[in-house]
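>>> structure, please.
(4 chains)
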Protein chains: 4
Amino acid sequence: MASDFGKKVKITIFGQSHSEAIGVVIDGLPVGEEIDLDAVQKFMERRAPGRNAYSTSRKEADLPRVVSGLFEGKTCGAPICAIIENTNTRSKDYDKLKDLPRPGHADFTAWVKYGGYNDHRGGGHFSGRLTAPLCFAGAVCKQILERKGIHVGAHILSIKGVKDIPFDAVEINAETLKAVAEKAFPVQNDVAGEEMQAAITAAKGKGDSVGGIVECAITGLPVGVGEPMFDGLESVLAQAIFAIPAVKGVEFGAGFAVAELFGSENNDDFIYNEDGTVKTKTNNHGGSLGGISSGMPLVFRAAFKPTPSISMEQDTISISKRENDRLAVTGRHDPCIVPRAVPVVEAAAAVAILDLLCRM
Amino acid sequence: MASDFGKKVKITIFGQSHSEAIGVVIDGLPVGEEIDLDAVQKFMERRAPGRNAYSTSRKEADLPRVVSGLFEGKTCGAPICAIIENTNTRSKDYDKLKDLPRPGHADFTAWVKYGGYNDHRGGGHFSGRLTAPLCFAGAVCKQILERKGIHVGAHILSIKGVKDIPFDAVEINAETLKAVAEKAFPVQNDVAGEEMQAAITAAKGKGDSVGGIVECAITGLPVGVGEPMFDGLESVLAQAIFAIPAVKGVEFGAGFAVAELFGSENNDDFIYNEDGTVKTKTNNHGGSLGGISSGMPLVFRAAFKPTPSISMEQDTISISKRENDRLAVTGRHDPCIVPRAVPVVEAAAAVAILDLLCRM
Amino acid sequence: MASDFGKKVKITIFGQSHSEAIGVVIDGLPVGEEIDLDAVQKFMERRAPGRNAYSTSRKEADLPRVVSGLFEGKTCGAPICAIIENTNTRSKDYDKLKDLPRPGHADFTAWVKYGGYNDHRGGGHFSGRLTAPLCFAGAVCKQILERKGIHVGAHILSIKGVKDIPFDAVEINAETLKAVAEKAFPVQNDVAGEEMQAAITAAKGKGDSVGGIVECAITGLPVGVGEPMFDGLESVLAQAIFAIPAVKGVEFGAGFAVAELFGSENNDDFIYNEDGTVKTKTNNHGGSLGGISSGMPLVFRAAFKPTPSISMEQDTISISKRENDRLAVTGRHDPCIVPRAVPVVEAAAAVAILDLLCRM
Amino acid sequence: MASDFGKKVKITIFGQSHSEAIGVVIDGLPVGEEIDLDAVQKFMERRAPGRNAYSTSRKEADLPRVVSGLFEGKTCGAPICAIIENTNTRSKDYDKLKDLPRPGHADFTAWVKYGGYNDHRGGGHFSGRLTAPLCFAGAVCKQILERKGIHVGAHILSIKGVKDIPFDAVEINAETLKAVAEKAFPVQNDVAGEEMQAAITAAKGKGDSVGGIVECAITGLPVGVGEPMFDGLESVLAQAIFAIPAVKGVEFGAGFAVAELFGSENNDDFIYNEDGTVKTKTNNHGGSLGGISSGMPLVFRAAFKPTPSISMEQDTISISKRENDRLAVTGRHDPCIVPRAVPVVEAAAAVAILDLLCRM
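Numbers count the residues shown, from 1 in each chain, chains lettered A, B, ... in the order given. Sure, this is the predicted structure:
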């Protein structure tokens, strides 16, 4: 098991979808940082289910209870532990899934890995619900980063082929990031947003689901964040982002498009700003050179697969009967995880960036 | 710094492009494993420079000297250390680069990060040359994996838009992986390979460079490899792959294409094989569900940017003069890193997979 | 901060003496292990305060609430999190200690380290109360170890110079360990135990405190547990044991006495048992050779300083006045921590041993 | 295997007694630090064999070759790797030890742990020879510490019961540490030193060996070094010190003697120095309170067992014959390891302290 992340700022996530509670321990935070728990709560609500017609109807208060690590409202050097109770579990929904593993889920792989001892209810430790404590940790880290002038923000770049306006990798700034974050449906182009929502609703109507892409930018990073090789910015961020369920691809800057460019097109020339600082004219490198921040906005994208839980009938196996079988997943599931994934991507990125920043 | 990787099987890479030597320490390997050093050498030659018209003319013997960790030819429980001497360094080529950071390289970011104390010669610790010891480690891990029936192989999927036939994610097997690895230019479709080489040669002629995509498959993985969350297969592999210089994107299975699929299209149905084992009909999940191997081939792709060192003149800054300047990179550089990156991707993947396998 | 321990079985302890709650996350446990929470509770009661005339009168239920990681009573592959509420805190007792650091405590060092942001109440994260979650973790690990035939047990070897009969390093066995653990005052010689208690009571009467030595044995360890060098048995156990507040010395086997022996006296000759297994005739090495278990009982001792909180007046400084001052520590404190430390030593050892065992 | 140590400053030691070479990789050092390799060499000579009548006659140049990590004589952010060739190996000496494990050595435990694949020659990876690269790492760390006003020094406190004058835990300073380090036989009282040497010579004459105690002090540590719980000063130092072969006990400050003290005797009262800094009147706590440095000298002692390799005949087993046998260890062995262990203790302490310092 490895539900922990980070070397200086370290988080450990615990819980299963239907255990008594879930939560996170955060160790190694800078000391004396005031944490605004209302702002944390507000951030977590961006991820919370049940906010619109197409998201899962499992509503939970998801109020994190901070039981340690803050003293007089500030980080005190001791690990923060936040607990979120699981109050609205309907384990019965999952009874048959113990026998019939859902295609696209970890039901089968976890069952084999743990010899049948895994908590299958609601996906157990593999549930998307475990991104709630990740969001708690991310919200705490974001506050500390913001105090240092570093902003992390994301938007929906595409859903089922409908595209939002990408971030301008050179000009993106904190104001734009905040503005998009405040939207109920975080896109830059609200018309595209309407189309995306229509695509989600249409899929839901058919008992189907859709995927999409989240784009994230980090502004205000000083030059020099990131360690060489295996702890480069891309390596550490990718490790964190791929830990979010349903992510199947991560790319930085120009990303996969670099494969079709000449070096003379892809290289970002250095020039001096008027204030004597250095920037690049373009930002195909996405803010990272040699795994180290260049001072340009860090920009990356993550591809999310369509929610695997669909009510359309699919082929699967019956473990008990040892024969092929059919399954229609009932229960409460988002037809598209992407809108709720936006703050999760921000959270994972914030934890990773604060860890690297504190390791300098 | 973090030039180490792995939790059970751990590698630590040392050296700079122009230091006396480079090398790697590998700790935590299974014990009693015979290591065929000729096969290791052969694998490393796939990465070695100077093998064809368009690769860098810096030729080095690159003979690794194993100074510890093997006893009577077998792993003995003590860490393996392999040293590769740097015999053919032309540091003078890099003198002016201390002042004029190369666009697309770590020259500028490393200079800031290390306060000017970094070894700039040849890119120092950030040089692609450091992938030689990674290949040594990967070759050792591959041998151990192969003895367990696990094969890691990669090919060039595309260069500058010219595409090879992708691996069949369901049918890919050890034989196909070995066959492509033996080729001087590792593609499945040699006609496409010719076109790719023509594209590289054309770019070289213009003093330019091109990028591409490497696709890698791992066959024979048992179900259950990979840990939840931050040490899932995708997280650990991506951390390793993004540590290879020039990688800007990593995707698994259907990758970024999932963003345009319905759940009903993307889900891979489970069925029983005749022998009672389980497989999926399709393999959009790329062999990983919940970060854990499903028993299907693990398939991923990595995008490599065009070599940033180009002889065409580019804008950059002069650090000493504190003004904008111009730079044409001389010295020995591949116009396309992709062909030599193929074994590097295999190596990084092999180290990551053996580590996860040994952690079960 | 580094309130975590272990590489395969990992624990993370959180909480402060007067935070809302304290607790522990345990990750990486073997899967499918039934955990008897009543037995865990019983073990924790051996550490609980308020059990006799001379221990602190702070009584707490200390009922750990397991919110995750168990499914149908068994470890399920997800991290266990146990929470213990802090219900009986009297923070006012500690108000003046923010200004007057207690000699022998971490008040001063934590205040400097954390720039005054540390939670000083009751010693904060440095409080002996944090050994409660350590005991929870240890109790869980002990159960798993016992199922493998490995027993961890400790007794009071001495208090203020009064000595119990040491464990017989060759003959010590599970039965003896269990018998001593069941005693309210865990000594082998109850007469010595009476004398020790008299010494404690006498010290308490004078507003003073006393220290002592705990001896711990681990039986049933197979040969081969422990990794070379920095993760040898002694290194890992010592790291865990020195994490217990008040420990100032740790020794294995003959310990410091080896300094006065000839090699011919200290060496433990190997001989065959009748069943073909190997043992040593004597056990001066304390069960570890080269940091690896020899199959003989592992025996070590830990020295505990007298409780630094004493009601006798002592010299200290006033931080606010920046002048020397006087302090008599009021509040609830054990005049001797040693009896309650016995299960804590067992717990730390059990966690360390299970981690090393699972890394083989 | 775990031949690595440290979280920020990390060392990885490789090699076996009779492998081609041994060495160490040091990662995470502060950047821009000039390393005086002559001084490193001088430090390593304090550990080198063959310096007097009673130490092993295996003489080796032990010249470390630094192949990476320094640029223009300074740390450059890339890992340092130092190689020491094994030029004077007499593997034949060890042939029979493959069958007859030496009492007190790791021969038997390593043979079982590694299923017979371990390199038995000269103790393989468990050999005291591996302390040479540890000394290299320690010498590098010491130089960096000294530039920050932190000095690490040790002396022989006792051999076979003959006692040197202990360090004054309050008054010990850099000058005293340097003075004792310069001595060929590092004791404060040279008369006691003569007696110790006589005891060693006498033991050698009988084919026997003796043990002893090394005392180490670290001066100039600022307040606040060390992390809570498992990464407290005592925990981290003990982990490092117990990794030195033959160490069976480690104690800090008053150490095991605390068990016989009253709290009122053992507590170290705080007082202000004239310059407004804080000290304690006494130093029974040995410079660490709650695992964090107090600003007082850090003082600890390590007990070394007598060299287990003795030429007197001992009982052991014949693995091949599966019966009890007799063994007289020939080859080159120190009758007392303590004098050569003094710099090794300093080295291990220096690495541990620099790591903790860089983690603040």
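
>>> going by C-alpha atoms from here, please, whenever you check contacts or count neighbours.
OK.

>>> state the distance from the residue lying closest to A:Asn189 once chain neighbours are set aside to D:Asn283.
Spatially, and ignoring its direct neighbours in sequence, A:Asn189 is nearest to A:Asp164 (5.7 Å; CA to CA, 6 or more residues apart in numbering or on different chains). Going from A:Asp164 to D:Asn283 by CA to CA, to the nearest Å gives 66 Å.

>>> ok, A:Lys142 next?
43 Å.

>>> what's around the residue in the stretch 51-200 of chain A positioned nearest to chain D, how many residues?
For the stretch 51-200 of chain A, the residue closest to chain D is A:Ala78, as judged by CA to the nearest CA, at 8.6 Å. Using other CA atoms under 10 Å in any protein chain shown, A:Ala78 has 29 other residues around it.

>>> equivalent analysis for A:Gly205, please.
A:Gly205 has 12 neighbouring residues, counting by other CA under 10 Å.

>>> go on, the one 4 residues further on?
Other residues near A:Ser209 number 32, with proximity taken as other CA under 10 Å.

>>> show me what contacts it?
A:200, A:203, A:306-310, A:334-336, B:262-264 (CA atoms under 8 Å, 6 or more residues apart in numbering or on different chains).

>>> switch to 6 Å and redo it
Neighbouring residues of A:Ser209 by CA atoms under 6 Å, 6 or more residues apart in numbering or on different chains: A:Ala203, A:Pro306, A:Thr307, A:Pro335, A:Cys336, B:Phe262, B:Gly263.

>>> and the residue in the stretch 251-360 of chain A positioned nearest to chain D, what pLDDT?
For the stretch 251-360 of chain A, the residue closest to chain D is A:Arg359, as judged by CA to the nearest CA, at 8.2 Å. You'll see A:Arg359 listed with a pLDDT of 95.

>>> phi first, then psi, for it.
phi -90, psi -10 (degrees, to the nearest 10).

>>> for it, which non-adjacent residue is closest in space?
Using CA to CA, 6+ apart, the closest residue to A:Arg359 is A:Lys8 (6.1 Å).

>>> count of neighbours near that neighbour?
22.

>>> tell me the secondary structure at A:Val250.
At A:Val250 the chain is in strand, as set by DSSP: H, G, I helix; E, B strand; the rest coil.

>>> name whatever forms a beta bridge with it.
A:Ala302, B:Val250 (DSSP bridges).

>>> mean confidence score for stretch A:251-265?
97.

>>> can you list contacts of that stretch?
Applying CA under 6 Å, 6+ apart, the set of residues contacting stretch A:251-265 is A:284-286, A:299-301, B:160-161, B:208-212, B:248-249, B:303, B:305-306, B:308.

>>> give me the buried entries from these.
Buried residues within these, counting neighbours by 16 or more other CA atoms under 10 Å in any protein chain shown: A:284-286, A:299-301, B:160-161, B:208-212, B:248-249, B:303, B:305-306, B:308.

>>> element containing the residue nearest to A:Arg359?
Counting by DSSP states H and E, no helix or strand carries A:Lys8.

>>> pull the helix or strand encompassing A:Ile241 out as CSV, backbone CA atoms only.
Element membership for A:Ile241 (DSSP H and E) is helix A:233-242. Listed in CSV are the C-alpha atoms of helix A:233-242, where the atom choice follows Å, rounded to 0.1, in the frame of the first residue of the first chain:
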residue,chain,number,x,y,z
LEU,A,233,8.4,18.9,-11.7
GLU,A,234,6.9,16.7,-14.3
SER,A,235,7.8,13.4,-12.5
VAL,A,236,6.3,14.6,-9.1
LEU,A,237,3.2,16.2,-10.6
ALA,A,238,2.5,13.3,-12.8
GLN,A,239,2.8,10.9,-9.8
ALA,A,240,0.3,13.0,-8.0
ILE,A,241,-2.1,13.5,-10.9
PHE,A,242,-2.1,9.8,-12.0
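
>>> what sits up against it?
Applying CA under 6 Å, 6+ apart, the contact partners of helix A:233-242 are A:Gly226, A:Gly291, A:Ile292, A:Ala348, A:Ala352, B:Glu234, B:Ser235, B:Gln239, B:Phe242, B:Ala243.

>>> from C:Ala341, how far off is the third one?
Taking CA to CA as the measure, A:Ile292 and C:Ala341 are separated by 47 Å.

>>> show the contacting residues for A:Leu70.
Neighbouring residues of A:Leu70 by CA under 6 Å, 6+ apart: A:Cys76.

>>> try 7 Å this time
By CA atoms under 7 Å, 6 or more residues apart in numbering or on different chains, the contact set of A:Leu70 is A:Cys76, A:Ile80.

>>> show me what it is bridged to.
A:Thr75.

>>> for it, give me the pLDDT.
We have a pLDDT of 98 for A:Leu70.

>>> do A:His333 as well
81.

>>> that one: what secondary structure?
A:His333 ends up coil, using three-state DSSP.

>>> list, one by one, the residues from the stretch 51-200 of chain A near chain B.
Neighbours of chain B within the stretch 51-200 of chain A, by CA under 7 Å from any CA of the partner chain: A:Pro103, A:Gly104, A:His105, A:Ala106, A:Thr109, A:Val112, A:Lys113, A:Phe126, A:Ile159, A:Lys160, A:Gly161.

>>> the first one: how many residues sit nearby?
Burial of A:Pro103 is recorded as 27 neighbouring residues (other CA under 10 Å).
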